[in-house]
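Asker: Sequence and predicted structure are below.
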Amino acid sequence: MKMAVFSDSHKNIRLLGQALETAFAQGASMLVHLGDHYSDLDALDCRDAIVYRVPGLPNVDSVPPGVEAFARFAFLGQNIFALHDREKLPAEGRSPEITLVLYGHTHMADCSRCENGVWYLNPGHLKAPMDRDMPASFALLRAEEGGLIGDFLSPEGKLLFSRALSA
């Protein structure tokens, strides 16, 4: 099983669609969209994938009533918390059983481990080919012995960098 993580598509359905097709070609069966814009995946065929999505900034994203600002789910034995802005991480996202926090907002692809052992992953953005001096990107998480690997890819599938998310 592989999980594709997208963020900050800002209604650029072309780039999001390209990244989605690349993710499916790489074997993704779970999709996570981290906001700005919540409804962007509605314009695309997500096939039979499991989909999680969270809204972005309230002044940017129009979100259906009752939609939570975060999602919590499991993936390959990892407890994951997803939200748009890491600076707004609620207490639930700091729970000791959370092993990975997915966030967007900065448009900068990044993956790092904090002193409490929790991994934080930002897949980058799909707003435009370049934004804030950063190329468009998304993340594809896969299992490898000892933990997860996060591959950061361009929408067309070029590997930008990888990170091992291990204990």
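Answerer: Structure's in. What do you need?
Asker: ok, now which ones touch Gly104?
Answerer: For Gly104, the contact set (C-beta atoms under 8 Å, 6 or more residues apart in numbering) comprises Ser7, Asp8, Leu34, Gly35, Asp36, Gly56, His84, Asp85, Asn122, Pro123, His125. No exception for glycine: its C-beta is placed from N, CA and C like everyone else's.
Asker: ranges for the strands of this protein?
Answerer: 2-6, 28-33, 50-53, 70-75, 78-83, 100-102, 110-113, 119-122, 130-131, 134-135, 138-144, 147-153, 159-166 (DSSP state E).
Asker: With distance to Leu16 and pLDDT as extra columns, can I get the contacts of Gly104 in TSV?
Answerer: Below are these laid out as TSV (distance: C-beta to C-beta, whole Å; pLDDT from 0 to 100):
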residue	distance to Leu16	pLDDT
Ser7	10	97
Asp8	10	96
Leu34	12	97
Gly35	12	91
Asp36	11	92
Gly56	13	90
His84	15	96
Asp85	19	95
Asn122	16	98
Pro123	12	98
His125	10	98
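Asker: export those to JSON lines and tack on distance to Pro96 and neighbour count?
Answerer: Below are the contacts of Gly104 laid out as JSON lines (distance: C-beta to C-beta, whole Å; neighbours: other C-beta atoms under 10 Å):
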{"residue": "Ser7", "distance to Pro96": "25", "neighbour count": "31"}
{"residue": "Asp8", "distance to Pro96": "29", "neighbour count": "31"}
{"residue": "Leu34", "distance to Pro96": "23", "neighbour count": "29"}
{"residue": "Gly35", "distance to Pro96": "26", "neighbour count": "27"}
{"residue": "Asp36", "distance to Pro96": "29", "neighbour count": "24"}
{"residue": "Gly56", "distance to Pro96": "27", "neighbour count": "26"}
{"residue": "His84", "distance to Pro96": "23", "neighbour count": "26"}
{"residue": "Asp85", "distance to Pro96": "22", "neighbour count": "17"}
{"residue": "Asn122", "distance to Pro96": "22", "neighbour count": "25"}
{"residue": "Pro123", "distance to Pro96": "25", "neighbour count": "30"}
{"residue": "His125", "distance to Pro96": "30", "neighbour count": "29"}
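Asker: and which of those is nearest to Leu153?
Answerer: If you rank the contacts of Gly104 by distance to Leu153 using C-beta to C-beta, Pro123 comes first, at 9.1 Å.
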